[in-house]
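**Student:** just need the structure, nothing else, for what follows:
(2 chains)
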2 protein chains.
Amino acid sequence: MAQNQSSAPDTSRRSARSRRAIYDAALALVAEVGYPKTTIEGIASRAGVGKQTIYRWWPSKADVLLEAFLDLSNQTAEAAGQVPYSIPDTGDLAADLKYVLRATVDELSDPAFEAPSRALAAEGLVNEELGRRFVAQLLEPQLQLYVDRLRAAQEAGEVRPGIDPRIALELFVSPLAQRWLQHTGPITYEYTDTLVDYALHGLAPR
Amino acid sequence: MAQNQSSAPDTSRRSARSRRAIYDAALALVAEVGYPKTTIEGIASRAGVGKQTIYRWWPSKADVLLEAFLDLSNQTAEAAGQVPYSIPDTGDLAADLKYVLRATVDELSDPAFEAPSRALAAEGLVNEELGRRFVAQLLEPQLQLYVDRLRAAQEAGEVRPGIDPRIALELFVSPLAQRWLQHTGPITYEYTDTLVDYALHGLAPR
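**Tutor:** Residues are numbered from 1 along each chain as shown, chains lettered A, B, ... in the order given. Predicted coordinates:
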């Protein structure tokens, strides 16, 4: 018991180090060889841990990657000085949306995020079960933040009452996603600012 | 000469038949095994032609697939009673966009289109050269039709003068593309109609 107590912090530090090494290895591997060729054995070998260590914590490679991506998103947000999983509400919807989309532009152009995300998105296109799982657990929670922000804007009278927020958010989120996924155009702050202006004020004359 | 003249129609019919068989084989194969495992040899074998026949007409598998997809798009449009590569201009922008997007909903749910398109899009995400080529030659020409239609609407006073049509079209095209690519939501006529209404009239009160 005494020994356990004194070694607990070491064990915990070691676990945290192993976890971090496994996340890094999983993201690097999926970026380099794609999802189908990423294996638990490969992740373990690259992370310098036994594969039983991985199986003890996660049932499958999809679960390791899901957690690694959640961790990456949190880290990226914190590094940018933002609170992860939040959209500011300053009372100015256009300014808040532009702010968050500019941060997304930065994230999408970060190589640490770009390569593994692209590999995973590609697999999600042809592997429907994996795609749906990652959308439900990674993408949809982020989209729900826009739903919440748009609902608040509706209550404040900045968005028309009849609008469905879950569809409305796609007017500025999906164009950025498609440009990033399919290289259909440059991704800049000016571009995402323009999307917000067009979405809020519409294309037709007022 | 006389012999050549009499056999020309046969040769031409045979060529057309081979071409069709090659298109079908290429699309079926990419849908089944993905782009990396699709080979000229595999396409030739499935189409029942010699691989030299394919190399005589196309320099690479990317070129075969590009042409097969162009042909598929034209066929799908014609089967739906539409003129390929055109957007109607009835003078009512909302109605015209809703009409074309409903046709796209039908196309996206057609299995003959769905599986090969998805396989190719997935490869385009991680194979930037292929992705850019297919966007430039397949997707961008279709997006330009929306640019033209939005420009006509600008001249008719249905779209504000300052709007950039190439960005504006993404407000209704990209959401549909993302829902289809990433399974982020159901794809229905009601959904695409809603996108058009939101894009034209905006989210903010008028």
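
**Student:** remind me, longest helix of chain A?
**Tutor:** Taking DSSP state H as the criterion, chain A has its longest helix at helix A:2-33.

**Student:** Three-state assignment for A:P59, please.
**Tutor:** Judged by DSSP: H, G, I helix; E, B strand; the rest coil, the three-state class of A:P59 is coil.

**Student:** got the contact list for A:H183?
**Tutor:** B:G124, B:E128, B:G131, B:R132, B:V135 (CB atoms under 8 Å, 6 or more residues apart in numbering or on different chains). Quick note: C-beta positions are derived from backbone N, CA and C, even for glycine.

**Student:** kindly report the domain assignment for chain A.
**Tutor:** According to automatic domain parsing, chain A comprises the domains A:1-60, A:85-206.

**Student:** excluding chain neighbours, what is closest to A:L169?
**Tutor:** Excluding the flanking residues, the one nearest A:L169 by CB to CB, 6 or more residues apart in numbering or on different chains is A:Y146, at 3.8 Å.

**Student:** ends of stretch A:85-96, how far apart?
**Tutor:** In stretch A:85-96, first residue to last residue: 14 Å (CA to CA, to the nearest Å).

**Student:** before we move on, the earlier item: so how far is the helix or strand hosting the residue nearest to A:L169 off the chain centroid?
**Tutor:** Take DSSP states H and E as the rule and A:Y146 turns out to sit in helix A:140-155. When distances are taken as CA atoms, centre = their mean, to the nearest Å, helix A:140-155 is centred 16 Å away from the chain's centroid.

**Student:** what residues sit buried inside it?
**Tutor:** A:L143, A:Y146, A:V147, A:R149, A:L150, A:A152, A:A153, A:Q154 (16 or more other CB atoms under 10 Å in any protein chain shown).

**Student:** report the contact partners of the fourth one.
**Tutor:** Under the criterion of CB under 8 Å, 6+ apart, the contact list for A:R149 reads A:I87, A:D89, A:L93, A:D96, A:L97.

**Student:** what packs against the helix or strand A:S73 falls within?
**Tutor:** With secondary structure defined by DSSP H and E, A:S73 is part of helix A:61-79. Packing partners of helix A:61-79 (3 or more CB pairs under 8 Å, 6 or more residues apart in numbering or on different chains; DSSP states H and E): helix A:2-33, helix A:40-47, helix A:111-126, helix A:128-134.

**Student:** tilt between it and helix A:140-155?
**Tutor:** For helix A:61-79 against helix A:140-155, the angle by axes from the mean of the first three to the mean of the last three CA atoms, to 10 degrees is 50 degrees.

**Student:** how about the CA coordinates for helix A:61-79, as PDB?
**Tutor:** Provided in PDB are the C-alpha atoms of helix A:61-79 (Å, rounded to 0.1, in the frame of the first residue of the first chain):
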ATOM      1  CA  LYS A  61      -8.000   1.900 -33.900                       C
ATOM      2  CA  ALA A  62     -11.100   3.900 -34.700                       C
ATOM      3  CA  ASP A  63     -11.400   4.700 -30.900                       C
ATOM      4  CA  VAL A  64      -7.700   5.600 -30.600                       C
ATOM      5  CA  LEU A  65      -8.000   8.000 -33.500                       C
ATOM      6  CA  LEU A  66     -11.200   9.500 -32.300                       C
ATOM      7  CA  GLU A  67      -9.700  10.400 -29.000                       C
ATOM      8  CA  ALA A  68      -6.500  11.600 -30.600                       C
ATOM      9  CA  PHE A  69      -8.500  14.000 -32.800                       C
ATOM     10  CA  LEU A  70     -10.500  15.300 -29.900                       C
ATOM     11  CA  ASP A  71      -7.300  15.900 -28.000                       C
ATOM     12  CA  LEU A  72      -5.800  17.600 -31.100                       C
ATOM     13  CA  SER A  73      -8.800  19.900 -31.400                       C
ATOM     14  CA  ASN A  74      -8.600  20.900 -27.800                       C
ATOM     15  CA  GLN A  75      -4.900  21.500 -28.000                       C
ATOM     16  CA  THR A  76      -5.200  23.600 -31.200                       C
ATOM     17  CA  ALA A  77      -8.000  25.800 -29.600                       C
ATOM     18  CA  GLU A  78      -6.000  26.300 -26.400                       C
ATOM     19  CA  ALA A  79      -2.800  27.100 -28.400                       C
END
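
**Student:** pull out the buried positions in it.
**Tutor:** Neighbour-count burial for helix A:61-79 flags A:61-62, A:64-70, A:72-73, A:76-77 (criterion: 16+ other CB under 10 Å).

**Student:** right, I'll leave it there.
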